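Student: Predicted model follows, preceded by the sequence.
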Amino acid sequence: MLNELLAESSFVTDELRMFRETARRFMQTEVAPNLLRWDEQGHVDRALWNKAGELGLLCASIPAEYGGGGGDFAYEKVLIEEQAYVGCSSWGLSLHAGIVAHYILHYGNDDQKQRWLPKLCSGEYVGAIAMTEPGTGSDLQAVRATAIADGDDYIINGQKVFITNGQQAGLIVVVAKTDPTGNGKGVSLIVVETEGLAGFRRGRNLEKAGMHGQDTSELFFENVRVPKTSLLGAAEGMGFMQLMAQLPQERLIVAIGAVASIELALDLTTAYVKERKAFGKPVMDFQNTRFTLAEARTEAALGRVFVERCSELLIAGKLDSATAAMAKWWLTDKQFEITDDCLQLHGGYGYMDEYPISRLWRDSRVQRIYGGTNEIMKELIGRTL
């Protein structure tokens, strides 16, 4: 899949190559054969998390002292790519390991890390983060969910929507207002363990245009009582800053998935047009086909170089918000554009579910929305000019 000239970034080691082989085998044996079944049932098998945990594929970038793999972000990047290369959008692995676990790692105290991270690393807990609310998407300062102090507890009330892993999550980082009168300064992050929790309720597993195998849920909090020790950070009101600090990694995760999906779509389409005949010759022999694929391959190569550089910057602690926003918006736009061109080159068969390009096409659309819409990405970039 990877262009050999682009695969050897500065962070690639023999250990990382071995990890990629393990990840690739797992995706090919445990993930790829189940994609259609997961689409039908609307979620991955719960046992998948435990299997991945046993192999050390969950939280590979979390320190070993907390049960993780002890690697850096490069290990999460490998997992994102290998999952994309089997055409899987069902498993919310990157959110669980690359996002939720890192909120706890960066902002949790040692007691919190010792309590929660090993369960995320083993698969005992599935992680989710509850940001989005009905009517509140990218504007995180406007969340209406509240976590009001009451003695030694917080009482959480509110509704969340579009929550990845929501149906299976045993641990949820909830974005809520500890000070309802404040804007960003009133936002805090509260960790909620869901098992047997009074007042917590999972709503529908939402039906979507794409990503049919990924559970995306409504969550309801009705006078949910959690201890104050569930607050992430040294004080209330730090949640908005914590979110902003972690969003570059989240947006790079989206960009990595986008470029890997582009590469898969181009591989599938190139093979198809070489075999498929029209007017007595392979579709590849038409100039339009060659030009379309030539342009797309060039853009994919540019995207790959950019992602590799952004990954180097993130690992070095130097990736800024604007650069991450550039990667997210440009690559997800290109993902949708190129996948659409690839479907077109498949003709009518591209619109049939039996061909993987149809799944890649429909799944690509949401990439331009979640993690912050691409319009918001442009606004973030524009503010730095």
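Tutor: That came in fine, so what should we check first? Numbers count the residues shown, from 1 in each chain.
Student: Output the lowest mean pLDDT helix or strand found in this protein.
Tutor: Counting by mean pLDDT, DSSP states H and E, the chain has its least confident helix or strand at helix 4-7, which shows a mean of 52.
Student: Now do whatever helix or strand comes next after it: which elements does it pack against?
Tutor: From helix 4-7 onward toward the C-terminus, using DSSP states H and E, the following helix or strand is helix 14-26. Helix 14-26 is packed against helix 73-85, with contacts defined by 3 or more Cβ pairs under 8 Å, 6 or more residues apart in numbering; DSSP states H and E. (Each C-beta comes from the backbone N, C-alpha and C, glycine too.)
Student: which helices and strands sit right next to the helix it packs on?
Tutor: By 3+ Cβ pairs under 8 Å, 6+ apart, helix 73-85 packs against helix 14-26, helix 93-95, helix 239-275, helix 287-315.
Student: Check the offset of that helix from the chain's centre.
Tutor: 11 Å (Cα atoms, centre = their mean, to the nearest Å).
Student: So which bits of it are buried?
Tutor: 73-85 (16 or more other Cβ atoms under 10 Å).
Student: With only the CA atoms kept, save that helix in PDB.
Tutor: Output of helix 73-85 as PDB, limited to C-alpha atoms (Å, rounded to 0.1, in the frame of the first residue of the first chain):
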ATOM      1  CA  PHE A  73       2.200   8.100  18.300                       C
ATOM      2  CA  ALA A  74       3.800   6.200  15.400                       C
ATOM      3  CA  TYR A  75       2.200   3.000  16.700                       C
ATOM      4  CA  GLU A  76      -1.300   4.500  16.700                       C
ATOM      5  CA  LYS A  77      -0.600   5.700  13.200                       C
ATOM      6  CA  VAL A  78       0.300   2.200  12.000                       C
ATOM      7  CA  LEU A  79      -3.000   0.800  13.500                       C
ATOM      8  CA  ILE A  80      -5.000   3.600  11.800                       C
ATOM      9  CA  GLU A  81      -3.400   2.800   8.400                       C
ATOM     10  CA  GLU A  82      -3.700  -1.000   8.700                       C
ATOM     11  CA  GLN A  83      -7.400  -0.700   9.700                       C
ATOM     12  CA  ALA A  84      -8.000   1.600   6.700                       C
ATOM     13  CA  TYR A  85      -6.200  -0.800   4.400                       C
END
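Student: Now do that helix: everything it contacts.
Tutor: Outside helix 73-85, the residues within contact range by Cβ atoms under 8 Å, 6 or more residues apart in numbering are 1-2, 11-12, 16, 19-20, 23-24, 26-27, 31, 57, 60-61, 69, 91, 93-94, 97-98, 249, 253, 256-257, 260-261, 263-264, 311, 314-315.
Student: Please, where are all the helices along the stretch 1-150 of the chain?
Tutor: Taking DSSP state H, counting those that start in this stretch to define them, one finds helices in the stretch 1-150 of the chain at 4-7, 14-26, 35-41, 46-54, 73-85, 93-95, 101-107, 110-122.
Student: Any chance of a markdown table for these, columns distance to E195?
Tutor: Compiled in a markdown table, the helices of the stretch 1-150 of the chain are given as follows (distance: least, Cβ to Cβ, whole Å):
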| stretch | distance to E195 |
| --- | --- |
| helix 4-7 | 42 |
| helix 14-26 | 27 |
| helix 35-41 | 22 |
| helix 46-54 | 13 |
| helix 73-85 | 26 |
| helix 93-95 | 20 |
| helix 101-107 | 17 |
| helix 110-122 | 11 |
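Student: Compare those helices and say which comes out lowest on pLDDT.
Tutor: Looking at these, the lowest mean pLDDT belongs to helix 4-7 (a mean of 52).
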